[in-house]
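Trainee: here's a sequence, model it:
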Amino acid sequence: MKPSARHKARELAVQGIYSWQMTKNSAQQIELHLATTSDMTRVDMAYFQELLRAVVNDYDNLDTRIRPYLGRLPEELDPVEKAVLRLATYELLERPEIPAKVVINEAIELAKSFGAEESHKFVNGVLDKAIRTLRKHEKI
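Mentor: Below you'll find the predicted structure:
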């Protein structure tokens, strides 16, 4: 099964967020770099740009909202895990039309694709705890 355009947007966004975390280049510079070096076929470009720009612009708030569920400081996280959790936190807070289960499943898949061997378990555990507060109105 081919990945959806939204999934591909999330993949690129995680790569972009990771790059931003490491370089502090602007979201626009990172978008341009990814657009010229990645396969952009079937990518929901508008969603990719929304995710990247929103996380870059609001990372402090996203970190504050996810911090209680981490069990450690955000600065101590693996950069890939941090990128995935920032993206998922944004979707949980700002995209209520996307079911929480979808956000969590996508985050787990992203952690499996880009993170260390056990990253997906950590991401799942954090989001499983966070969901109860960040989406308390939604039945999981």
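
Trainee: buried residues in whichever strand or helix holds residue 104?
Mentor: According to DSSP states H and E, residue 104 maps onto helix 100-114. For helix 100-114, the buried set under the neighbour-count rule, 16 or more other C-beta atoms under 10 Å, comprises 100, 103, 104, 106, 107, 108, 109, 110, 111, 114. From N, CA and C alone the C-beta is placed, and that goes for glycine too.

Trainee: what is the nearest of those residues to residue 67?
Mentor: residue 107 (16.5 Å; C-beta to C-beta).

Trainee: report the separation between that closest one and residue 24.
Mentor: Remark: distance between residue 107 and residue 24 (C-beta to C-beta, to the nearest Å) = 24 Å.

Trainee: centre-most residue in the protein?
Mentor: What sits nearest the mean C-alpha location of the chain, by C-alpha atoms, centre = their mean, is residue 87, with 2.2 Å.

Trainee: my guess is that one contacts residue 13. True?
Mentor: Yes: with contact defined as C-beta atoms under 8 Å, residue 87 reaches residue 13; the gap is 5.7 Å.

Trainee: now for these two: what residues contact both?
Mentor: 51, 55 (C-beta atoms under 8 Å, 6 or more residues apart in numbering).

Trainee: for residue 63, what are its contacts?
Mentor: With contact taken as C-beta under 8 Å, 6+ apart, residue 63 is in contact with 74, 86.
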